[in-house]
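> Would you be able to build a 3D model of this:
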Amino acid sequence: MFSLRQLSDDEIRAFIAAQARLPFSYPDVGVTRGRAPAGYTVDHNRIELGHGPKAFERAVSALRRWQMFAIDGVKLCWPDAPITPGTTVAVVARAAGVWAVNACRIVYVIDQPDDATRRWGFAYGTLPEHVVRGEERFVIEWEQASDAVRYDLLALSRPRSLLFAYARPMLRIVQQRFARRSLAAMRRAALTD
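Next comes the predicted model:
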């Protein structure tokens, strides 16, 4: 949804409630668990956040608080939303004087206490009032062999409509900028938590 003015919290709550009743906007729900089908743009980014169990705990805590959205000009509605399958959130961002409100629903949660690589995170998928169609996965990994803790961000997307397909170059700039800023936000959160 687009607006020339900032929406009130009540308007955003109503938007989320309406979107929560709708199906996902793409057919491949759970697509971030495996290989992307043809037609998706794949953005995969990772950053090291530290080493050891305390770094892992700090990073997971930051992810649980949605700190990957602690970015100027971006607002997650709401950062106290539970990270459980079925939870619907909205991401509000402003660009070129226009407010965009995009709805997503959590598809699955990852909690792997594996001996080789421990993982915690989740994926959410787009709902009909999102600029793109697809899924984004946010994961904290602790690789036991190297003791490295990393934030792994994977997004699979394609334009929602022909109109957005024409705007794809601008959309790609926005997506890549979000990825860089999300990595930086998680690094800050993991180091200061």
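> Quick one: end-to-end distance for stretch 80-91.
13 Å (CA to CA, to the nearest Å).
> Could you check it and say which residues are buried?
Using 16 or more other CB atoms under 10 Å as the test for burial, stretch 80-91 gives 83, 87-91. Quick note: C-beta positions are derived from backbone N, CA and C, even for glycine.
> Let me have the residues you listed in JSON lines, adding secondary structure, pLDDT and distance to Trp66 as columns.
Listed next are the buried residues of stretch 80-91 as JSON lines, based on DSSP: H, G, I helix; E, B strand; the rest coil; pLDDT from 0 to 100; distance: CB to CB, whole Å:
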{"residue": "Ile83", "secondary structure": "coil", "pLDDT": "98", "distance to Trp66": "8"}
{"residue": "Thr87", "secondary structure": "coil", "pLDDT": "98", "distance to Trp66": "11"}
{"residue": "Thr88", "secondary structure": "strand", "pLDDT": "98", "distance to Trp66": "13"}
{"residue": "Val89", "secondary structure": "strand", "pLDDT": "98", "distance to Trp66": "8"}
{"residue": "Ala90", "secondary structure": "strand", "pLDDT": "97", "distance to Trp66": "12"}
{"residue": "Val91", "secondary structure": "strand", "pLDDT": "96", "distance to Trp66": "10"}
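> Paired strands for the helix or strand encompassing Leu156, with orientation please.
Applying DSSP states H and E as the criterion places Leu156 in strand 148-159. Sheet pairing for strand 148-159, assigned by DSSP bridges, gives strand 41-51 (antiparallel), strand 132-143 (antiparallel).
> Show me the shaky parts of the protein.
Counting by pLDDT under 70, the ranges of the chain that qualify are 160-172, 193.
> Leaving out the residues flanking it, which one is nearest to the residue located most distally from the centre of the chain?
In the chain, the greatest distance from the average C-alpha position (CA atoms, centre = their mean) is reached by Ala145, at 27.6 Å. Residue nearest to Ala145 in three dimensions, not counting chain neighbours: Ala116, with 7.1 Å by CB to CB, 6 or more residues apart in numbering.
> Now for that neighbour: which residues touch it?
Ala116 sits next to 143-145 when contact means CB atoms under 8 Å, 6 or more residues apart in numbering.
> Going by distance to Arg181, which of the residues you listed wins?
For the contacts of Ala116, the residue nearest Arg181 by CB to CB is Glu143; the value is 24.5 Å.
> ok so, going back, and the strand holding Leu156, how far from the chain's centre?
From the chain centre to the centre of strand 148-159 is a distance of 8 Å (CA atoms, centre = their mean, to the nearest Å).
> buried set for the longest helix along the chain?
Determined from DSSP state H, the single longest helix within the chain is helix 168-192. Buried residues in helix 168-192, counted by 16+ other CB under 10 Å: 171, 175, 178-179, 181-183, 185-187, 189-190.
> which among those gets closest to Cys104?
Nearest to Cys104 among the buried residues of helix 168-192, counting by CB to CB, is Phe178 at 13.0 Å.
> The top strand by length along the chain versus helix 168-192: what angle between them?
If you go by DSSP state E, the chain has its longest strand at strand 98-113. Using axes from the mean of the first three to the mean of the last three CA atoms, to 10 degrees, one finds that strand 98-113 and helix 168-192 are set 50 degrees apart in direction.
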